[in-house]
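Q: here are the coordinates; sequence isn't available:
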């Protein structure tokens, strides 16, 4: 039973570590695009939960690295997911 619990905690820790790494990489795109200056309100972005213009660029995948709205939204979602996952892991470990 203790080994099963330790295995679950380890799996959760690996997932939180992966989310943390993705959030850090996403933060680099935010910094590179100055997206923090464009959308400096939280939790909404200019009064919207999902900002307009998130998928304006063509081809679509350029939005993931170059569109200010998309980059900022991705970073916020990843940051929130990372924080909630870390809290859940802390609860699981106890």
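A: Okay, I see it. Being a predicted model, the structure only gives us computed values, none of them experimental.

Q: Distance of residue 14 relative to residue 20?
A: From residue 14 over to residue 20 the distance is 11 Å, taken as CB to CB, to the nearest Å. Any C-beta I mention is one placed from the backbone N, CA and C, and that applies to glycine too.

Q: Over to residue 7?
A: 20 Å.

Q: Which of those two has more residues huddled nearby?
A: residue 20 (16 against 10; other CB atoms under 10 Å).

Q: what about the more buried one, which helix or strand?
A: helix 2-33 (DSSP states H and E).

Q: For that helix, name the packing helices and strands.
A: helix 68-93 (3 or more CB pairs under 8 Å, 6 or more residues apart in numbering; DSSP states H and E).

Q: tell me which residues in the helix it packs on are buried?
A: Judged by neighbour count using 16 or more other CB atoms under 10 Å, the buried positions of helix 68-93 are 68-76, 78-79, 82, 85-86, 89.

Q: could you check the angle helix 2-33 makes with that helix?
A: Taking axes from the mean of the first three to the mean of the last three CA atoms, to 10 degrees, one finds helix 68-93 and helix 2-33 inclined to each other by 160 degrees.

Q: Measure how far helix 68-93 is from the centre of its chain, please.
A: Remark: helix 68-93 is offset 5 Å from the chain centroid, using CA atoms, centre = their mean, to the nearest Å.

Q: circling back: return the distance of the helix holding residue 20 from the chain's centre.
A: For helix 2-33, the distance to the chain centre is 10 Å (CA atoms, centre = their mean).

Q: OK, contacts around the closest residue to residue 52 other than its chain neighbours?
A: Spatial nearest neighbour of residue 52, chain neighbours left out: residue 69 (7.5 Å); criterion: CB to CB, 6 or more residues apart in numbering. Shown in contact with residue 69 (CB atoms under 8 Å, 6 or more residues apart in numbering): 35, 38, 39, 45, 51, 52, 53, 54.

Q: what about 10 Å?
A: 33, 35, 38-39, 45-46, 48, 50-56, 63 (CB atoms under 10 Å, 6 or more residues apart in numbering).
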